[in-house]
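> Quick one: sequence and predicted model below, then my questions.
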Amino acid sequence: MAGFFKSLKPSEKAYVMTNAETGTELLLEDEALRDGLQMESRILSLEDKLQIFQLLKNAGLKRIQVGSFVHPKVVPQMADTDELIKILGNQEDTVISALILNEKGLERALSCGVPHVSMSVSVSDTHSRKNAGRPADEALAAMMELIRKALAAGLDVRAGLQCAFGCVYEGQISEDHVLAAAERMVGAGAEEINLADTTGMATPHAIRHLVQKFQKQFRGVRISLHLHDTRGLGLANMFSGYEAGVRTFDACAAGLGGCPFVKGAAGNVPTEDAVNMFESMRISTGINLMRICEAAAYLETALGRRLPGRMQRVLHYQQNGDGG
C-alpha cells in the first residue's frame with residue numbers, strides 16, 4: 001500500500017485518509033452466518049458454519065455475528081445457533097455476536113453464553129407488522145425493556161433501527177422519526193446504534209445527512225451502518241458514512257443477505273469488497289483480503305452458486321490468468 005500512496009499525485013493525496021488521521025479504529029462486523037444465511041434454502045451443517053467462522057476469524061474479523069435466536073420453523077437456517085455459540089466458546093480477540101428479537105431470544109442468549117447481542121426494530125410500521133407481527137411503536141416499546149434486561153444481565157448490546165433510510169411500502173422515513181426512536185434506545189442504555197438500510201434505498205447524501213444529525217444529537221454514542229446493495233450503492237454509501245465519521249459497518253462475505261419481507265432486497269456489502277475499498281485508500285481494516293476471499297469462495301462452494309462479491313473473482317482471475 002505504501003507504493004500506492006507514493007504513486008498518487010499531490011492533488012489526489014487529499015482524498016486519502018488513514019486511521020492515524022481519523023484517530024478511530026475501523027470495525028467491520030461480518031454477518032454472513034446470520035443475515036447472509038437467513039434466506040438461503042440450502043441448510044448448511046454445523047461443521048460448515050464452524051469452518052466459515054474459522055475462515056472469517058483467520059482473515060482478521062474482530063466481530064462476527066454468528067446467528068439469531070428465532071424460532072427454527074421461521075428461519076430453519078438458524079436452528080443450531082445455540083449449539084454453534086456453545087462450541088465456539090470464548091474466542092479471545094474476536095467478539096461473537098447474535099441477534100435477539102424477543103424475551104425468549106434473550107433467555108437463549110444468556111443460556112448459551114454469547115457475550116454480545118444485536119437487537120433491532122423497524123421504524124416503518126408496515127415493515128414492522130410484516131417482519132415482527134406488531135406495530136412499530138409497540139415493537140419499539142418492547143425492545144426498550146429488552147435492552148434494559150440484556151444490559152442488566154451483563155451483555156454488550158447494540159440496538160438497531162431497520163428501514164432507517166426508507167421503506168418500499170411507505171417510501172421516505174422521516175429523519176426526526178428515526179432520531180426519536182434512537183433517543184429512546186440511548187435512553188434505555190444502548191451505547192451503539194445501528195442504522196440499517198434494510199431496503200437498499202439510501203444514497204450517499206442521505207447517509208451523510210442522517211449521520212451528521214445523529215452525531216450532533218448523540219455525542220459519544222457509537223453509530224454503525226448496515227447497508228444493502230439492492231440499488232448498487234452499497235460501497236458508495238459505506239464510504240459516505242466513513243467520510244461523515246462512522247467507523248463501524250456491517251458486511252457479509254461474498255455479499256450474502258437480504259430481507260424476506262422486502263421484495264427484491266439484495267445482499268449486504270461484500271466484506272471482501274469493503275476491505276479492498278478501504279485498504280486501497282490506506283484505511284486499515286485489519287483484515288487480510290486474500291483470506292476473506294477464501295471465506296467467500298467457501299460460501300460459494302457450500303451454497304452451490306455464484307455470489308455477488310467481486311474481489312474473490314478478481315483475485316482468482318489475477319492468479320490464474322484465465323480471463324475476467
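Noted; the coordinates are in hand.
> The lengthiest helix in the chain packs against which elements?
Ranked by residue count, the top helix of the chain under DSSP state H comes out as helix 136-152. In terms of contacts (3 or more Cβ pairs under 8 Å, 6 or more residues apart in numbering; DSSP states H and E), helix 136-152 is packed against helix 103-112, strand 116-122, helix 125-131, strand 156-162, helix 175-187. (Glycine included, C-beta is placed from N, CA and C.)
> Show me the least confident stretch of those, going by mean pLDDT.
Here the lowest mean pLDDT among these goes to helix 125-131, at a mean of 91.
> roughly how far is that helix from the heart of the chain?
Mean-position distance between helix 125-131 and its chain equals 20 Å (Cα atoms, centre = their mean, to the nearest Å).
> Could you check that helix and say which residues are buried?
Asp125, Thr126, His127, Ser128, Arg129, Asn131 (16 or more other Cβ atoms under 10 Å).
> from the residues you listed, which is closest to Asn102?
Asn131 (12.4 Å; Cβ to Cβ).
> Which residues does the nearest residue to Asp156 once chain neighbours are set aside form beta bridges with?
Nearest non-adjacent residue to Asp156, counting by Cβ to Cβ, 6 or more residues apart in numbering: His116, 4.3 Å away. Going by DSSP bridges, His116 is paired in beta bridges with Ser97, Asp156.
> I figured His116 hits Leu155, correct?
Yes: look at His116 against Leu155 with Cβ atoms under 8 Å: they come within range, at 6.9 Å.
> Which of the three states applies to Leu44?
The three-state label given to Leu44 by DSSP: H, G, I helix; E, B strand; the rest coil is coil.
> Count the residues that sit near it.
Counted with other Cβ atoms under 10 Å, residues neighbouring Leu44 total 17.
> wait, isn't it in contact with Ala79?
No: applying Cβ under 8 Å, one finds Leu44 not in contact with Ala79, separated by 10.9 Å.
> State the helix or strand in which the residue positioned nearest the centre of the chain lies.
Closest to where the C-alpha atoms of the chain average out (Cα atoms, centre = their mean) is Asp250, at 2.2 Å. Per DSSP states H and E: Asp250 is located in strand 248-251.
> helix or strand right after that strand?
helix 271-280.
> so what does the next helix or strand after that next one touch, helix or strand wise?
Reading on from helix 271-280 to the C-terminus, the next helix or strand found by DSSP H and E is helix 289-303. Applying 3+ Cβ pairs under 8 Å, 6+ apart, we find helix 289-303 packed against helix 46-59, helix 271-280, helix 311-320.
> Pipe those into JSON lines and attach distance to Thr230 and mean neighbour count per row.
Shown next, in JSON lines, are the helices and strands packed on helix 289-303 (distance: least, Cβ to Cβ, whole Å; neighbours: other Cβ atoms under 10 Å):
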{"stretch": "helix 46-59", "distance to Thr230": "24", "mean neighbour count": "18"}
{"stretch": "helix 271-280", "distance to Thr230": "15", "mean neighbour count": "24"}
{"stretch": "helix 311-320", "distance to Thr230": "20", "mean neighbour count": "15"}
